[in-house]
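*Asks:* Structure of the sequence below:
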Amino acid sequence: MRIYDDLTPWYRLIDPPADHLGEATAYAHALTGSVTGPAETLLELGAGAGHNALFMKRQFRCTLTDISPKMQALSRELNPDCEHLPGDMRSLRLGRQFDAVFVHDAVCYMTSMEDLAQVAATAFVHTRAGGAALFAPDYVRERFAETSTLLTADDGARSMRGVEWAWDQDPADTRYLVEYALLLRDGHEVTAAHDRHVEGLFSIAEWTSTLERAGYKVSLIERPLDEDGQTDRVFLCQK
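*Replies:* Predicted coordinates:
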């Protein structure tokens, strides 16, 4: 996936950190309210460029893990005060536990029930007794609809214009596609890029049963989607 590889210099234009303030604040509030005892440490699985951690570290000491070295390098620029460790969310084992575990949209790259179960097991083994975990996929099957979003951002001499298009080529399987078509301008030079992401799509019942089998008590909570007050629901888990 090029956004996490050769296009990472453009990542902050594609996904501006400031756009994460509302939802990251909501996630931190939900987690601190669900932990029994101190809510001080947080493990993020698939932390990417650290855009959620930029705000969640106000409440937690954050350990940020990701499979992409280039994304971790971006996160270190924003969050030098956070611990960064490489790791695949399906197999990571740090040998320690945290008050809270957070899994944002990187979980969308789990495209099978086996993948999802492995992530749930990773989160559970790193959650202390009385701790909490929050899973926030972009979509569950019940609310998926084909969508296209205009992307536009500027940073001095650099500008980006693009389209993010989510569509489902086979409603019978557990995958959908996200296409990125980007025009990238650096000074007077303009290049075009296409990036396809294959992502996982599961029902609320599939999510809930997987998290419960891992050992969690699961509830659904509202999260903000945009400035117009639109919300959807994500999975808050207690151990």
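*Asks:* roughly how far is the strand or helix carrying residue 123 from the heart of the chain?
*Replies:* Under the criterion DSSP states H and E, the helix or strand holding residue 123 is helix 113-125. Between the centre of helix 113-125 and the centre of its chain there are 15 Å (CA atoms, centre = their mean, to the nearest Å).
*Asks:* ok, whatever helix or strand comes next after it: who's next to it in the sheet?
*Replies:* Per DSSP H and E, the first helix or strand lying C-terminal to helix 113-125 is strand 127-135. Using DSSP bridges, strand 127-135 pairs in its sheet with strand 98-103 (parallel), strand 231-238 (antiparallel).
*Asks:* Most tightly packed of these?
*Replies:* strand 98-103 (a mean of 26; mean count of other CB atoms under 10 Å). (C-beta placed from N, C-alpha, C; glycine too.)
*Asks:* Keeping just the C-alphas, turn that one into PDB.
*Replies:* Provided in PDB are the C-alpha atoms of strand 98-103 (Å, rounded to 0.1, in the frame of the first residue of the first chain):
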ATOM      1  CA  PHE A  98      -1.700  -1.800  30.100                       C
ATOM      2  CA  ASP A  99      -4.600   0.000  31.600                       C
ATOM      3  CA  ALA A 100      -6.100   0.500  28.100                       C
ATOM      4  CA  VAL A 101      -5.600  -0.900  24.600                       C
ATOM      5  CA  PHE A 102      -6.700   1.100  21.500                       C
ATOM      6  CA  VAL A 103      -7.200  -0.300  18.000                       C
END
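*Asks:* between the helix holding residue 123 and strand 231-238, what angle do the directions make?
*Replies:* Orientation check (axes from the mean of the first three to the mean of the last three CA atoms, to 10 degrees): helix 113-125 against strand 231-238 gives 60 degrees.
*Asks:* Can you spell out the domain ranges of the chain, please?
*Replies:* 2-138+203-238, 141-200 (automatic domain parsing).
*Asks:* can you redo those as TSV with mean pLDDT?
*Replies:* Below are those laid out as TSV (pLDDT from 0 to 100):
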stretch	mean pLDDT
domain 2-138+203-238	95
domain 141-200	96
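*Asks:* right, so those: which one is the most enclosed?
*Replies:* The stretch of these with the highest mean neighbour count (mean count of other CB under 10 Å) is domain 2-138+203-238, at a mean of 18.
*Asks:* Can you give me the end-to-end span of that one?
*Replies:* One end of domain 2-138+203-238 to the other measures 35 Å (CA to CA, to the nearest Å).
*Asks:* same thing with stretch 90-103?
*Replies:* The first residue of stretch 90-103 is 12 Å away from its last residue (CA to CA).
*Asks:* so how far is that stretch from its chain's centroid?
*Replies:* Stretch 90-103 has its average C-alpha position 15 Å from the chain's average C-alpha position, going by CA atoms, centre = their mean.
*Asks:* And the most far-flung residue of the chain relative to its centre, how close does it get to residue 55?
*Replies:* Each residue of the chain has a distance to the centre, and by CA atoms, centre = their mean the biggest one is for residue 188: 33.4 Å. Distance, residue 188 to residue 55, using CB to CB, to the nearest Å: 35 Å.
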